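*Asks:* could you work out the structure for the sequence below:
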Amino acid sequence: MTRRQTLLVKLLMLIIMLLQLVKVYVSNDLATDGIQLGELQEQTREIQKQNKILREEILKRSSLRHLTEEAEKQGFVPAQYIYLYDR
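*Replies:* Residues are numbered from 1 along each chain as shown. Predicted structure coming up:
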């Protein structure tokens, strides 16, 4: 093998080793990103669940029946008469 061929083989081996290191780095980075993505997806599901519960609570508390009960608890009574004034 000539000196040039030996140098070429060494250069190719160096390139292959560098590419393997890049592959390991990218694989590790993808694995870490995958874990973080899973955690974020779990957080998203939990927040969506909480939002659903809160929406149901808002609907319940803004219902006419609930508002009437709360008004009665605070001493409000239904109006006996409604007066309309015309200017």
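*Asks:* tell me the helix or strand right after the host helix or strand of K49.
*Replies:* In this structure, K49 sits in helix 3-61 according to DSSP states H and E. Proceeding N to C from helix 3-61, the next assigned helix or strand is helix 64-73, under DSSP H and E.
*Asks:* ok, and for that following helix, which residues are buried?
*Replies:* Within helix 64-73, no residue counts as buried by 16 or more other Cβ atoms under 10 Å. Backbone N, C-alpha and C define where each C-beta goes, glycine included.
*Asks:* contacts for that helix, please.
*Replies:* The contact list for helix 64-73, computed with Cβ atoms under 8 Å, 6 or more residues apart in numbering, reads K60.
*Asks:* in what helix or strand does I82 lie?
*Replies:* Assigned by DSSP H and E, I82 falls outside every helix and strand.
*Asks:* count the residues that sit near E39.
*Replies:* Neighbour count for E39, taken as other Cβ atoms under 10 Å: 10.
*Asks:* circling back to that earlier point, quick one: the helix holding K49 to helix 64-73, angle?
*Replies:* 60 degrees (axes from the mean of the first three to the mean of the last three Cα atoms, to 10 degrees).
*Asks:* would you pull up how far helix 3-61 lies from the middle of the chain?
*Replies:* 16 Å (Cα atoms, centre = their mean, to the nearest Å).
*Asks:* what do you get for stretch 73-82?
*Replies:* Worked out by Cα atoms, centre = their mean, stretch 73-82 lies 45 Å from the chain centre.
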